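> The amino acid sequence is not available; the structure is as follows:
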């Protein structure tokens, strides 16, 4: 059993409606970034999700490649048991954080949505598909699926997933999205994918628009 888990902190964007949150979007940033990197998605997304709280925690570990930045796990580790253990430790940290935030706000787990970028997408898929109590869905930008060979044994929640990826991504080639989509579908997960021509490792306006439509589809209480 993993003990002594660090508790996360980072920027929070409260519901634009100024009402009690009806749902929660957890924004998980990429390698070497921090919570400020993704909290900028909250204002445009809050236009269609006015009763949602957006939480963008800093990853728990400093990133030596980018002083001032953080990492969820050492992305440059070679494949193998060390990487598996590092990913699982990050998974446990996020689960602890999410459970506490949902409890504090009186929200059901079905009102939680994971949104990740790059390494944050890897962790969103890792956590969201293994939680005993299903979340509303997972939106992942420019990422990949960690430990695909273990998913069939470990999957607990077959929640809707959308993957968005730039066709010119030099860090994580779009083939990684295609591979993830294939494995997820093999495991009974409903997957939507979106290719962005000419885009590198990032999020563009069309990708943000597509992601917003996906979020509102599964958090439709917002439009009531």
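That came through fine. From a predicted model like this one, the values you see are computed outputs, not experimental measurements.

> Can you point out the buried residues in the helix or strand where residue 43 lies?
Element membership for residue 43, per DSSP states H and E: helix 42-46. By 16 or more other Cβ atoms under 10 Å, the buried positions in helix 42-46 come out as 42, 45-46. C-betas here are computed from N, CA, C, even on glycine.

> what is the mean pLDDT for that helix?
For helix 42-46, mean pLDDT rounds to 97.

> Within the sheet, what are the partner strands of the very next helix or strand once past it, with directions?
Downstream of helix 42-46, the next assigned helix or strand under DSSP H and E is strand 52-55. Strand pairing for strand 52-55, determined by DSSP bridges: strand 12-13 (antiparallel), strand 23-28 (parallel).

> Quick one: closest of these to residue 134.
strand 23-28 (13.8 Å; Cβ to Cβ).

> Distance of the residue sitting nearest the centre point of the chain relative to residue 161?
A centroid search over the chain (Cα atoms, centre = their mean) returns residue 116, at 3.0 Å, as the residue closest to the centre. Using Cβ to Cβ, to the nearest Å, residue 116 is found at 11 Å from residue 161.

> any common contacting residues for those two?
125, 138-140 (Cβ atoms under 8 Å, 6 or more residues apart in numbering).

> What is the nearest of these to residue 89?
residue 125 (16.1 Å).

> residues in contact with the closest one?
Residue 125 neighbours (Cβ under 8 Å, 6+ apart): 116, 138, 140, 143, 145-146, 161, 180.

> Among these, which one sits closest to residue 92?
The closest of these, once distances to residue 92 are taken by Cβ to Cβ, is residue 146, at 14.2 Å.

> The longest helix seen in the chain: which residues count as buried?
Determined from DSSP state H, the single longest helix within the chain is helix 81-105. Across helix 81-105, burial judged by 16+ other Cβ under 10 Å covers 83, 86-91, 93-95, 97-98, 101-102.

> Do I have it right that residue 139 meets residue 216?
No - look at residue 139 against residue 216 with Cβ atoms under 8 Å: they stay out of range, at 11.2 Å.

> So if I had to pick from the two, which one is more boxed in?
A direct count of neighbours by other Cβ atoms under 10 Å for residue 139 and residue 216 places residue 139 higher, at 27 against 16.

> how far is the helix or strand that one falls within from where the chain is centred?
Using DSSP H and E, residue 139 falls within strand 137-141. Put simply, strand 137-141 sits 6 Å off its chain's centre (Cα atoms, centre = their mean, to the nearest Å).

> Quick one: residues in contact with that strand.
Contacts for strand 137-141 (Cβ under 8 Å, 6+ apart): 113-118, 120-121, 124-125, 128-129, 159-165, 203, 207, 211, 214-215, 218.
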